[in-house]
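Q: Pasting a predicted model and its sequence here:
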Amino acid sequence: MAIGANDQDPWHDGEIALQRLQGVAERMAEIGRKVIRRELIDQHREFYPLLPMAVLGAVDPAGDVWASVRAGYPGFLASPDPQTLHVELQRDPTDPADAGMEDGAPVALLGIDLRTRRRNRLNGRLSRSAGNGFDIGVEQSFGNCPKYIQLRSMEFVADPDAPYAGTTELMSELDRPARELVGRADTFFVASYVDRKDGARQVDVSHRGGRPGFIRLEEDGSLAIPEFTGNRFYNTLGNILANGRAGLVFVENGQLLQMTGEAEIVDGRTMPYLEGAELFWRFRPRKIQRRYDALPLRLDVESGGWSPNALATGIWNEVRA
């Protein structure tokens with residue numbers, strides 16, 4: 001059974017509002033009870049130990065939400081029982097998401113295999129004990145469709161257990177290299193959260209993909225982002241509607257470009273038509289951090305690995321043309 005106001009409905013008010021807007025609330029109420037669980041099913045328990053990386057979402061003491069990507073040798077993720085996912089990772093004080101990963105903190109994790117386009121999401125409460133790593137007590141667990149995921153290699157180029165020894169660069173706005181990275185990105189990850197009516201904080205982290213150029217950089221430094229047709233759960237946008245905060249991370253050649261700031265859903269009537277876009281949202285970065293060689297994985301797009309769904313979507317340059 002999934003969590004919710006009546007312990008049966010998994011959706012909070014922000015998600016429900018968007019589902020109603022799109023005319024799918026009744027169908028999602030039924031689907032949510034079936035697919036969003038309080039435990040990991042056997043299929044998911046067998047999936048996580050295969051992965052060499054995980055995407056994490058956490059909220060720091062200031063209330064800023066961060067997305068991060070961490071790597072480990074396969075087996076660093078394991079499920080000792082259906083209610084628990086163990087994550088064997090050392091603390092990393094250079095990662096801004098780490099500040100929100102103290103004992104008892106709400107967190108989110110996305111397990112994604114870029115070699116197969118398979119992904120599963122969960123959120124829950126973090127528990128630390130002696131030794132490295134932590135447990136996540138599962139509150140919500142569910143699979144996601146493979147749409148918009150490019151097939152990539154996932155090969156280690158360095159020891160994932162070695163502490164990060166590089167330089168951390170802090171910015172309040174995107175510099176030219178950061179803008180260029182965002183402009184050519186075909187993938188990023190986004191973290192968000194909501195404080196529910198029952199007082200519980202619920203964090204989410206998710207994948208976004210498209211053709212290079214699917215993110216538009218505005219003159220004021222914000223990012224205009226299309227929401228392509230998906231499962232219509234609206235976890236990310238529901239959280240944004242509820243509290244207006246988000247955290248993004250872009251990955252390129254081992255570099256992690258992380259940012260946190262304000263987000264809002266944009267009236268689609270003010271936006272040009274973009275193939276495949278169902279909704280639009282805008283993100284304004286307020287704190288930005290760049291770490292080179294922070295991810296010891298090579299994530300190159302495979303030959304013929306472009307997602308057919310991503311290739312069918314629009315990019316901003318074509319709209320302008």
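A: Noted; the coordinates are in hand.
Q: P106 touches G57, doesn't it?
A: No: using Cβ atoms under 8 Å, P106 is not in contact with G57, being 9.3 Å away. Heads up, the C-betas are built off the backbone N, CA and C, glycines and all.
Q: any common contacting residues for these two?
A: Shared contacts of P106 and G57 (Cβ atoms under 8 Å, 6 or more residues apart in numbering): 123, 193, 203.
Q: Most neighbours among these, which one?
A: Using other Cβ atoms under 10 Å as the neighbour test, the shared contacts of P106 and G57 are led by Y193, with 27 neighbours.
Q: Just give the nearest non-adjacent residue to it, would you?
A: Nearest non-adjacent residue to Y193, counting by Cβ to Cβ, 6 or more residues apart in numbering: V203, 4.4 Å away.
Q: sorry, back to before: who has more neighbours out of P106 and G57?
A: Just comparing P106 and G57: by other Cβ under 10 Å the higher neighbour count belongs to G57, 30 against 21.
Q: Doesn't the more buried one belong to a helix?
A: No: assessed with DSSP: H, G, I helix; E, B strand; the rest coil, G57 is strand; it does not lie in a helix.
Q: doesn't D204 make contact with it?
A: Yes: counting by Cβ under 8 Å, G57 does reach D204; the two are 6.3 Å apart.
Q: This structure: helices as residue ranges?
A: Under the criterion DSSP state H, helices of the chain are mapped to 13-21, 25-35, 42-47, 176-184, 235-243, 308-311, 316-320.
Q: returning to what we had before: common neighbours of G57 and D204, please.
A: Common neighbours of G57 and D204 (Cβ under 8 Å, 6+ apart) are 108, 123, 191-193.
Q: okay, now the nearest residue to A294 once chain neighbours are set aside: neighbour count?
A: Distance criterion Cβ to Cβ, 6+ apart; nearest residue to A294, sequence neighbours excluded, is L256 at 4.4 Å. By the criterion of other Cβ under 10 Å, L256 has 24 neighbours.
Q: For E88, see how far away L256 is.
A: Remark: distance between L256 and E88 (Cβ to Cβ, to the nearest Å) = 20 Å.
Q: quick one: low-confidence ranges for the protein?
A: Applying pLDDT under 70 to the chain flags the ranges 1-8, 320-321.
Q: remind me, longest strand of it?
A: Selection of the longest strand in the chain by residue count, based on DSSP state E, yields strand 277-291.
Q: A78 is in contact with L89, correct?
A: No: look at L89 against A78 with Cβ under 8 Å: they stay out of range, at 12.0 Å.
Q: Those two - which one has more neighbours?
A: With neighbours defined as other Cβ under 10 Å, L89 and A78 compare such that L89 has more, 21 against 15.
Q: What are the neighbouring residues in contact with that one?
A: For L89, the contact set (Cβ under 8 Å, 6+ apart) comprises 70, 72, 76, 132-134.
Q: Could you rerun that using 6 Å?
A: For L89, the contact set (Cβ atoms under 6 Å, 6 or more residues apart in numbering) comprises 70, 133.
Q: Kindly report the same for V251.
A: 69, 295.
Q: again, but for F250
A: Each residue near F250 by Cβ under 6 Å, 6+ apart is listed here: 181, 185, 188, 257.
Q: So for D64, which of the helices of the chain sits nearest?
A: Closest to D64 of the helices of the chain is helix 235-243 (Cβ to Cβ; 11.4 Å).
Q: what does the closest one rub up against?
A: Residues contacting helix 235-243 (Cβ under 6 Å, 6+ apart): 14-15, 18, 190, 192-194, 204, 206, 246, 263, 265.
Q: what's the answer for stretch 265-284, then?
A: 222-229, 237, 241, 246, 261-264, 313-314, 319.
Q: ok now that stretch, how far from the chain's centre?
A: 19 Å (Cα atoms, centre = their mean, to the nearest Å).
Q: Send me it as CSV with only the CA atoms.
A: C-alpha atoms of stretch 265-284 as CSV (Å, rounded to 0.1, in the frame of the first residue of the first chain):
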residue,chain,number,x,y,z
ILE,A,265,5.4,25.8,-14.1
VAL,A,266,4.9,28.1,-17.1
ASP,A,267,1.6,28.9,-18.8
GLY,A,268,1.9,26.9,-22.0
ARG,A,269,-0.1,29.5,-23.9
THR,A,270,2.9,31.8,-23.5
MET,A,271,5.3,29.3,-25.0
PRO,A,272,5.8,28.3,-28.7
TYR,A,273,4.8,24.9,-29.9
LEU,A,274,7.5,22.3,-29.2
GLU,A,275,7.0,18.8,-30.5
GLY,A,276,6.2,16.4,-27.7
ALA,A,277,5.9,19.0,-25.0
GLU,A,278,2.9,18.6,-22.7
LEU,A,279,3.8,21.3,-20.2
PHE,A,280,6.7,23.7,-19.6
TRP,A,281,8.6,24.8,-16.5
ARG,A,282,11.3,27.3,-15.7
PHE,A,283,14.3,26.9,-13.4
ARG,A,284,16.3,29.8,-11.9
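Q: Good, we can wrap up now.
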